[in-house]
Structures are given as structure tokens and as C-alpha cells.
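Sequence first, predicted model second:
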Amino acid sequence: MIRAGFAWVLVLPLVVALARHVQLVFAPPSGLLEAIALDDDQTRSYTEAAFRGPIVDRRGRPLAISSSGIQLFVDLVARREKHEYEMGTRAGRARFPEKVKPVTEQNLQLMDFALEVAYYFPELGMSPAEIEATIHEADLQNRAAGRDTRHCKLGGVLPQTPSLVDRQKIVKDSHTNNLLLAGLNWNEREIRQASAPQSLRSLVGKTIPAPHGLTGLYGIEAECNAQLTGTMGQRQDVVDTRGRRLSGAAAQPAIDGRTVTMTLDLDLQEYATTQLQEAVASCHAAGGRLMVLDVATGGLLSMVDVLAPPREGDWPDAPTDAAREEGGLVGRPRCISDVFEPGSTFKPIVWAIAVEEGVVQPSELIDAVPPGKEWLTSYGRRIRDVSGRGNLKWDEVLRYSKNACMAHVADRLSTTTLRDRLLAFGFGERTHLELSAEARGLVPKPRNWNHFTQTSVSFGQNISVTAVQLLQGVSILASGGELRPIHLLHPGPNFHPAHIPVISASTAQAAIEAMVPLVEDTKHLRIEGVRAFGKSGTAQLPRSAKPEQGIKHGMYEDRYICSFVMGAPAQDPKVLVLCTIDDPDRYALERENRRHTGSYTAGPVAKKVVEAALGRLGVPQEIANASNDASVGMNGIN
């Protein structure tokens with residue numbers, strides 16, 4: 001009993017001391033923590049990363065999202081400081097490639113390090129020899145530059161997975177590995193994953209590393225960088241003398257960036273891309289552009305830009321993009337950056353201006369232009385037409401695309417009136433779409449606007465537009481004479497678009513009705529069950545000057561930019577599509593007994609996409625699937 005009591009006397013203080021130690025480690029008194037916190041050597045400040053917000057389509061499907069990753073790096077100084085720890089193993093040496101076995105003890109240590117890193121982190125995709133060479137090269141560069149850079153990156157950022165987290169814990173917790181892998185560290189990094197299809201990569205954009213995360217380089221990633229960028233968090237921990245965390249608080253929690261919703265429809269984008277790619281290939285063309293607009297809101301549902309691989313033979317002045325030397329979908333956004341003469345797709349704009357100004361009525365007979373394919377203006381200019389029809393009513397002019405009738409009526413307008421009206425339609429100015437690459441287009445200055453200009457502009461020549469400007473111009477007709485600014489970013493559920501009056505609703509509807517017969521009377525453009533409207537254009541491709549060859553700037557006689565604008569339903573337009581086929585091979589098409597004009601190259605694509613878009617916007621299914629083409633093409637997107 002005495003011995004037992006004596007033992008308790010000895011043990012009890014130890015138990016009490018141990019209990020106190022445990023208390024101090026796991027539940028230290030607040031007063032102690034406050035005292036420790038006053039000591040700068042026992043506080044640690046940490047930055048908490050914030051992820052960029054996601055970019056999604058109009059239905060919430062991701063186009064670009066962020067996830068967690070790690071960047072492995074080697075602290076070269078820490079490795080040198082721990083060379084005394086020789087943990088090399090003969091078994092590890094046996095796994096090393098025979099031809100690159102090191103010969104020195106220092107290299108042996110580096111070899112074992114490389115073996116372990118490759119074993120624990122196979123996601124690096126680096127062999128032990130490559131890891132060793134990377135570190136050795138960093139050491140050599142330090143010596144050559146006379147500097148002492150601490151960190152050497154290994155590979156790229158690795159996506160964080162449960163398996164990777166487990167292996168990080170093993171490497172961090174194991175005493176042996178702490179010695180063997182001396183200097184190996186990692187930082188948390190954000191990985192930006194672009195899940196958008198190829199056709200949207202240029203619009204969504206790209207990010208690059210910045211001091212505090214990622215920043216947008218171009219596209220929506222750059223334009224909405226402030227909204228997408230989160231707020232970094234700050235945390236301060238109180239630690240013991242061995243650096244172990246005792247307590248801590250987030251002085252400022254990290255806040256992730258906000259979501260950016262685009263007006264684009266992912267399914268419609270993929271469908272439109274497929275249709276345009278097939279048309280470009282079928283027409284032996286250099287490329288194509290296509291845009292789909294929700295008329296009610298001004299939101300773009302799709303924007304596609306295709307460049308074909310370089311064609312055989314000599315094709316000077318064909319559309320090119322330095323970023324797409326072999327063609328493809330990712331590069332300069334040509335729908336907003338490249339200008340072209342619109343040709344006859346511009347006629348509905350001038351047609352409506354003439355009616356709005358009261359110089360002509362839709363039912364007026366234009367008997368000053370008799371039948372024939374040539375007509376002489378009042379100032380002696382010869383106007384040529386594909387159609388030989390004459391004595392047309394004004395509301396028949398768009399159906400037969402009569403240049404002479406357009407020129408005759410445009411001559412009734414003053415040059416100032418026509419130019420000012422075109423500016424009101426948005427031509428010559430950016431649409432302010434949320435992308436910085438947009439071009440202004442070209443409307444001749446007043447001092448350069450003469451009779452020749454007035455005539456040429458009436459049928460879409462001597463004026464340059466972007467695809468998005470032309471789409472917005474025609475959308476004013478489709479939206480009852482109001483300009484509803486085109487946009488790519490979804491403003492939210494309570495959004496009400498601006499209604500900027502440009503022309504009267506009656507004039508706008510008259511122009512729409514004047515475009516109906518072209519579609520209704522053309523079998524391959526007609527949509528059964530839907531009154532659609534449209535206008536084609538076949539503009540000559542500009543020819544650049546080549547002084548050394550004696551070639552002046554002008555227009556090719558046998559090369560074109562073919563376009564078609566189409567919308568539906570005519571009585572209350574919901575969707576508008578503009579398609580261009582750039583530089584189709586006219587002679588290849590003729591050998592196939594096919595036509596090269598806009599109605600036959602761009603028209604069928606516009607028709608199919610209009611049908612698909614009607615379905616996406618909730619037009620009754622029996623209408624959306626009215627034609628045989630649509631019932632096949634729309635499987636999987638409705």
C-alpha cells in the first residue's frame with residue numbers, strides 16, 4: 001500500500017502536467033492566445049484565394065469555369081541546406097533509367113528526389129530524368145546569372161483531385177519524405193477550364209496568370225474581368241513556437257467572382273456551326289459568318305465564324321486570319337471586326353427610308369424603269385441588273401432585287417437625308433457589342449457623297465458594314481421600327497430592352513412584307529406553315545491594288561461575298577438570321593450545275609437556322625418542324 005501510494009505521488013504530477021499540456025495545445029486560454037498574438041514572431045498571415053466567376057450560356061450551361069489546382073515547385077535553397085540528409089536507396093537507383101545514372105553523391109540525392117516526385121505525382125507527365133534535368137538547368141542558370149533564385153517550377157498546374165489530395169498528405173506528413181523530398185512545395189492555383197465549343201472560344205476569351213490569380217486576356221474574359229474577378233481573403237493565425245496553428249480567424253473571407261451569363265444558346269450555336277461548316281465546304285468557299293438574333297430583346301443567340309483551310313490554286317484577297325493559318329473556328333471575330341460591301345441585303349434599309357421620307361409609296365408603279373437589264377441614270381451612269389423585269393411596283397422591287405428601281409427612287413432623296421437616315425440605323429458606328437474588336441464600318445463623309453455615291457449606296461455598294469451592323473439594321477425593320485441594341489451579355493430576368501425609334505412601325509412592317517415574296521416564291525427557301533421574309537445579296541469581292549503588276553484597286557468580276565438575311569414569322573418577327581458565304585468558287589459550282597448567288601449559297605443555311613431558332617425560342621413545335629429539312633436537322637437540340 002505504501003509503495004502504491006508513493007507511486008501515485010510520483011505519477012500524479014506527471015498526469016496533471018500532461019493534462020495541462022494537452023489543454024494548452026488543444027484549448028489554450030484566451031488570455032494566453034491574446035498574449036501570443038501580440039508577438040509578431042508567433043502570428044502568420046495567409047491569403048485565401050478567390051475563384052473567377054463562371055461564364056454560362058442563356059440556359060446556365062457552363063462556357064468557362066474555375067477549379068482548384070496545385071503548382072509544384074522546388075525550393076533550390078532548401079535542397080542545398082539539407083544535403084546532409086542522405087536518403088538515397090539502392091532500390092530507387094535500380095528504377096532509374098540506365099543511361100542517365102548519376103555519378104556523384106549530390107546527383108544521387110537529386111536522382112532519388114526525381115524518382116519520388118515522379119512516383120507521387122505522375123500527373124506531371126515528367127519522367128525522373130526530365131525532373132532532374134529541369135532542376136539541374138535551374139541551378140546552372142542561377143550560377144551563370146550570379147543570382148540565387150529560390151524556386152523552380154515543375155510542369156504545369158495539376159487539377160486537384162481526391163487522389164492527389166491524399167498523396168499530398170502522405171508527402172507532407174511522412175518524416176522520411178520530408179527529408180527525401182526536401183525543397184518540394186506546392187501552391188494552390190486556379191485552373192480556368194473552357195468548356196465552350198471551338199466556335200465560341202474567341203468570344204469567351206482566355207485568361208493569363210496575374211499577381212493575384214487570373215486575369216482576362218481577350219473576349220468576355222477580358223471585357224467582364226472586373227465582374228468575374230473575386231476578392232482575395234485574408235486570414236491571420238496564432239501559432240506555437242514550432243509553427244503549429246493554435247487559433248485563427250478570417251479577417252476577410254474570400255469572395256468568388258460573379259457569374260456572367262451570355263445570351264448565346266449553346267445548342268443553337270453548335271447546330272449553326274455545323275450547318276455553316278457544311279455550306280462553306282459545299283460551296284468551295286474561303287469562309288462564312290452567321291449570326292442569330294432574338295428580335296424581342298436584341299440578344300445574340302449565336303455567332304459563328306468559319307474559315308476553310310487554304311484552297312488549291314491562287315486566291316488573292318480571299319479572307320484570311322493570321323491566327324488561323326490552316327482555317328478553323330478560333331481567331332479574329334470576323335462577324336464584328338471585318339467589313340464588307342453588303343450588296344442587295346442592304347436594299348431593304350434604303351427601301352424603308354424612301355417610304356418613311358414620303359418620296360414613294362409601296363404601291364407606286366416605277367414606270368421610269370422599263371423592262372431590260374440596263375438602265376441609264378439622269379447623270380449618265382449605266383446600271384446593270386440580273387433581272388430584266390421592269391414597270392415594277394415599289395413593293396415588288398425587293399422581290400426581284402432591281403438595282404435600277406432602287407437608284408431611281410434614291411435619286412428623289414437628298415444626299416443629306418439618305419446619309420443621316422443611314423447613320424440613325426447605326427451604320428458607321430459600333431453597335432457597342434461587349435467586345436473591343438468591333439469595327440465602325442464606313443459611311444462616306446458628306447464631302448465625298450455625290451450622285452454616284454447616292455446611286456451606289458441604294459443597292460449596297462460604296463458603303464462598308466460589319467455583319468453585326470447589317471443584322472442590327474435589318475432588326476430595326478423586324479422590331480417595328482425601333483432600335484433594340486444588340487448585346488451578348490444577359491442583363492437578367494427583369495431586363496427591358498431600350499426602344500429607340502428610328503422609323504414608323506407602319507413603314508417597318510411594309511418593308512418586312514416586301515421581303516416575304518422572295519421566300520414564299522422560292523421553293524428551297526420556303527418554310528411550310530410559317531410566313532418568313534428574307535433578302536439575298538451577291539456583292540463583288542474587293543480587289544487590292546498591285547502596282548507592280550499594273551492592277552488597280554477595284555472589284556473582281558467573278559468572286560463574291562454572298563449573303564442572306566431571313567426572319568420569321570413575318571407578322572411578328574421573333575428571330576432574325578444573317579449568313580454570309582465568303583468567296584465561293586463560282587466555276588466549281590457551275591460545274592456541279594449549281595448557282596453561286598446568295599439565295600443558293602447562304603439562303604439554305606439561313607432557312608435551316610431560322611427553323612431551329614424558332615424551336616429554341618418556344619414557337620410551337622408543329623411550326624418549328626414544318627419542313628423536312630428541319631425535322632432531320634433539329635434532332636437533339638429541341
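Perfect, thanks for sending it. Keep in mind the model is a prediction, meaning the values are calculated, not measured.

What's the per-residue pLDDT of the nearest residue to residue 564 once chain neighbours are set aside here?
Spatial nearest neighbour of residue 564, excluding adjacent residues (C-beta to C-beta, 6 or more residues apart in numbering): residue 602 at 3.9 Å. Where you see a C-beta, it was placed from the backbone N, CA and C, and this is true even at glycine. Predicted confidence (pLDDT) for residue 602: 98.

Against residue 297, how distant is residue 602?
As for residue 602, its distance to residue 297 is 25 Å (criterion: C-beta to C-beta, to the nearest Å).

all helices of the stretch 51-200 of the chain, in order?
According to DSSP state H, counting those that start in this stretch, the stretch 51-200 of the chain carries its helices in the segments 76-81, 90-95, 105-120, 128-145, 162-173, 175-180.

mean pLDDT for those: which is lowest?
helix 90-95 (a mean of 44).

How many neighbouring residues does residue 364 have?
Number of residues near residue 364 (other C-beta atoms under 10 Å) recorded here: 14.

Tell me how far it lies from residue 389.
Noted for residue 364: a distance of 16 Å to residue 389, by C-beta to C-beta.

Same check on residue 473?
Taking C-beta to C-beta, one finds residue 473 at 26 Å from residue 389.

who's more crowded, the two?
Legend: neighbour count by other C-beta under 10 Å for residue 473 and residue 389, higher for residue 473 (25 against 19).

Run the chain-centre distance for stretch 529-547.
Distance, stretch centre to chain centre, for stretch 529-547: 25 Å (C-alpha atoms, centre = their mean, to the nearest Å).

Would you mind measuring the gap between the ends of that stretch?
55 Å (C-alpha to C-alpha, to the nearest Å).

Just the mean pLDDT for that stretch, thanks.
For stretch 529-547, the mean per-residue pLDDT is 93.

Okay, helices next: where are they in the stretch 301-450 of the chain?
When secondary structure is read from DSSP H, counting those that start in this stretch, the stretch 301-450 of the chain shows helices at 334-337, 347-356, 394-400, 403-410, 415-424.

quick one: which of the ones you listed is nearest residue 507?
Shortest distance between residue 507 and the helices of the stretch 301-450 of the chain, using C-beta to C-beta, is found for helix 347-356: 4.6 Å.

For the closest one, enumerate the helices and strands it packs against.
With contacts taken as 3 or more C-beta pairs under 8 Å, 6 or more residues apart in numbering; DSSP states H and E, helix 347-356 sits against helix 394-400, helix 403-410, helix 415-424, helix 451-458, helix 467-478, helix 505-520.

Just the CA atoms of stretch 59-67, as PDB, please.
Taking C-alpha atoms only, stretch 59-67 is exported to PDB below (Å, rounded to 0.1, in the frame of the first residue of the first chain):
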ATOM      1  CA  ARG A  59     -29.700  28.400 -70.000                       C
ATOM      2  CA  GLY A  60     -27.000  28.300 -67.400                       C
ATOM      3  CA  ARG A  61     -24.700  25.800 -69.100                       C
ATOM      4  CA  PRO A  62     -21.000  26.500 -68.400                       C
ATOM      5  CA  LEU A  63     -18.800  28.000 -71.100                       C
ATOM      6  CA  ALA A  64     -15.800  28.700 -68.800                       C
ATOM      7  CA  ILE A  65     -15.400  27.600 -65.100                       C
ATOM      8  CA  SER A  66     -12.700  27.600 -62.500                       C
ATOM      9  CA  SER A  67     -11.500  24.700 -60.400                       C
END
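
which parts of it are buried?
The neighbour-count check on stretch 59-67 (16 or more other C-beta atoms under 10 Å) flags 63, 64, 65, 66 as buried.

Now do stretch 346-359: distance to the chain's middle.
Relative to the chain's own centre, stretch 346-359 is displaced by 35 Å; criterion: C-alpha atoms, centre = their mean.

Equivalent analysis for stretch 224-235, please.
On C-alpha atoms, centre = their mean, the centre of stretch 224-235 falls 21 Å from that of its chain.

Tell me the buried residues in it?
Result for stretch 224-235 [16+ other C-beta under 10 Å]: buried residues 224, 225, 228, 229, 230, 233, 235.

what's that stretch in contact with?
The contact list for stretch 224-235 (C-beta atoms under 8 Å, 6 or more residues apart in numbering) reads 45-53, 55, 212-213, 215-216, 221, 248-258, 260, 434, 489.

before we move on, back to that, for residue 602 and residue 297, work out which one has more neighbours and name it.
Set side by side, residue 602 and residue 297 show more neighbours around residue 602, with 35 against 19, by other C-beta under 10 Å.

quick one, what contacts that one?
Residue 602 sits next to 279, 288, 536, 562, 563, 564, 579, 580, 581 when contact means C-beta under 8 Å, 6+ apart.

and the fourth one, how far is that from residue 369?
The one in question is residue 562. From residue 562 across to residue 369, the span is 25 Å (C-beta to C-beta).

of the two, who's got more company?
Ranked by neighbour count (other C-beta under 10 Å), residue 562 and residue 369 place residue 562 first, with 30 against 23.

Look up which helix or strand the more buried one falls in, please.
Taking DSSP states H and E as the definition, residue 562 sits inside strand 554-568.

That strand: partners in the sheet, and parallel or antiparallel?
Using DSSP bridges, the strands paired with strand 554-568 are strand 533-543 (antiparallel), strand 575-582 (antiparallel).

What angle do helix 505-520 and it make with each other?
Angle, strand 554-568 to helix 505-520, by axes from the mean of the first three to the mean of the last three C-alpha atoms, to 10 degrees: 100 degrees.

Which residue ranges make up each domain of the protein?
Here the domain assignment for the chain is 46-261, 266-488+497-633, based on automatic domain parsing.

Looking at the helices and strands packed on helix 347-356, which is nearest to residue 438?
helix 467-478 (7.1 Å).

pLDDT of the closest one, averaged?
In the prediction, helix 467-478 has an average pLDDT of 98.

tell me how far that helix is from the chain's mean position?
On the basis of C-alpha atoms, centre = their mean, helix 467-478 sits 21 Å off its chain's mean C-alpha point.

number of nearby residues for residue 309?
11.

what do you get for residue 352?
Neighbourhood size, residue 352 [other C-beta under 10 Å]: 27.

show me what contacts it?
Neighbouring residues of residue 352 by C-beta under 8 Å, 6+ apart: 477, 503, 507, 508, 510, 511.

any chance of these in TSV, plus neighbour count?
Output for these, formatted as TSV (neighbours: other C-beta atoms under 10 Å):
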residue	neighbour count
477	30
503	24
507	22
508	23
510	21
511	29
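
still on that earlier bit, compare the strands paired with strand 554-568 and report which one is nearest to residue 598.
With C-beta to C-beta as the measure, strand 533-543 is the member of the strands paired with strand 554-568 nearest residue 598 (3.6 Å).

quick one, that closest one and helix 347-356 angle?
Using the same axes, to 10 degrees: strand 533-543 against helix 347-356 is 120 degrees.

Model confidence for the residue lying closest to residue 334 once chain neighbours are set aside, exactly?
Sequence neighbours aside, residue 305 is the residue nearest to residue 334 in space, at 4.8 Å (criterion: C-beta to C-beta, 6+ apart). Looking at residue 305, its pLDDT stands at 95.
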